[in-house]
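In: next come a sequence and a model predicted from it.
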Amino acid sequence: MKIISMIPARYSASRFPGKLMEDLNGESVILRTYRATKATNLFDDVYVVTDSEVIFNEIVSHGGKAIMSKKEHECGSDRIAEAVEFMDVDIVVNVQGDEPFTEVESLKKLIDAFKDDDEKQIDLASLMVHIKNEDEIKNPNTVKVIVDKNQMALYFSRSPIPFPRATDVGVKYYKHKGVYAFRKDALLDFYRLPMMPLEASEKIECIRYLEYGKRIKMVETNVQGVEIDTPEDLERAKKLWK
């Protein structure tokens with residue numbers, strides 16, 4: 001089983017433009033992420049795939065591997081799918097470019113989900129974190145996920161799901177972390193299938209997989225990490241890096 005990691009990297013992020021090239025204690029955010037992903041030693045290869053010559057040159061000039069997108073893409077999955085379409089790979093792991101604290105434990109759990117899937121019932125796997133903070137549960141920037149008894153995703157939403165009509169039934173809330181592992185065929189299907197209304201409404205790309213009947217295995221992790229979406233996140237990351 002050949003397993004690679006792809007790190008999609010847009011320069012013009014809407015909330016924090018140029019964030020991947022911001023300095024994180026001596027190196028850019030994207031270079032930190034690339035090196036952290038390589039350091040896990042879980043992958044046959046690691047690439048940054050980008051629409052930006054600045055990011056491309058940043059990775060290549062430091063000895064890394066980068067791919068320039070040929071088309072404009074609305075989401076990271078489309079960008080990765082274009083890059084891997086003609087590659088001989090089985091599993092593609094999408095690591096977000098703004099997560100320089102990528103670590104071994106969580107990524108290994110994702111990969112193991114496929115190694116344990118002898119019947120090939122899983123199309124993709126992704127991470128979730130148990131959350132208890134009420135503000136985070138209600139925050140539309142935090143994507144929540146609900147699962148069945150086998151930890152397969154039922155739905156993702158920016159709304160609190162499930163709705164707490166009863167508060168004494170022991171329901172747990174889970175935050176979806178945007179780290180995915182795909183079977184190559186499932187990723188290419190995503191690339192070729194049009195967006196449907198639920199995905200368009202929520203602006204959550206993994207809903208497209210559910211709308212087309214794909215099976216998503218959710219893997220629980222205790223590692224929150226730091227996603228750099230704002231200048232404040234970057235300052236927190238700098239303190240944590242020390």
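Out: Cool, got the structure. Numbering: from 1, shown residues only.

In: what helices or strands is the longest strand seen in the chain leaning on?
Out: Using DSSP state E, we find that the single longest strand of the chain is strand 173-183. The elements that strand 173-183 packs onto, with contact taken as 3 or more Cβ pairs under 8 Å, 6 or more residues apart in numbering; DSSP states H and E, are helix 76-84, strand 91-94, helix 104-115, strand 124-131, strand 144-147, strand 216-220. Heads up, the C-betas are built off the backbone N, CA and C, glycines and all.

In: which stretch among the ones you listed comes nearest Asp233?
Out: Asp233 lies closest to strand 124-131 among the helices and strands packed on strand 173-183, at 16.0 Å (Cβ to Cβ).

In: tell me which residues in the helix or strand just after that closest one are buried?
Out: The helix or strand immediately downstream of strand 124-131 is helix 134-138, counting by DSSP states H and E. In terms of neighbour count (16 or more other Cβ atoms under 10 Å), helix 134-138 has its buried residues at Ile137.

In: from the chain's centre, how far out does helix 134-138 sit?
Out: 21 Å (Cα atoms, centre = their mean, to the nearest Å).

In: quick one: strands adjacent to the longest strand of the chain?
Out: strand 91-94 (antiparallel), strand 124-131 (antiparallel), strand 144-147 (antiparallel) (DSSP bridges).

In: in the helix or strand just after that strand, which residues are buried?
Out: Sequence-wise, the next helix or strand downstream of strand 173-183 (DSSP H and E) is helix 184-192. Within helix 184-192, the residues that count as buried by 16+ other Cβ under 10 Å are 184, 186-191.

In: helix 184-192 packs against which elements?
Out: helix 76-84, strand 91-94, helix 207-211.

In: and the angle from the first one to helix 184-192?
Out: In this case it means helix 76-84. 120 degrees (axes from the mean of the first three to the mean of the last three Cα atoms, to 10 degrees).
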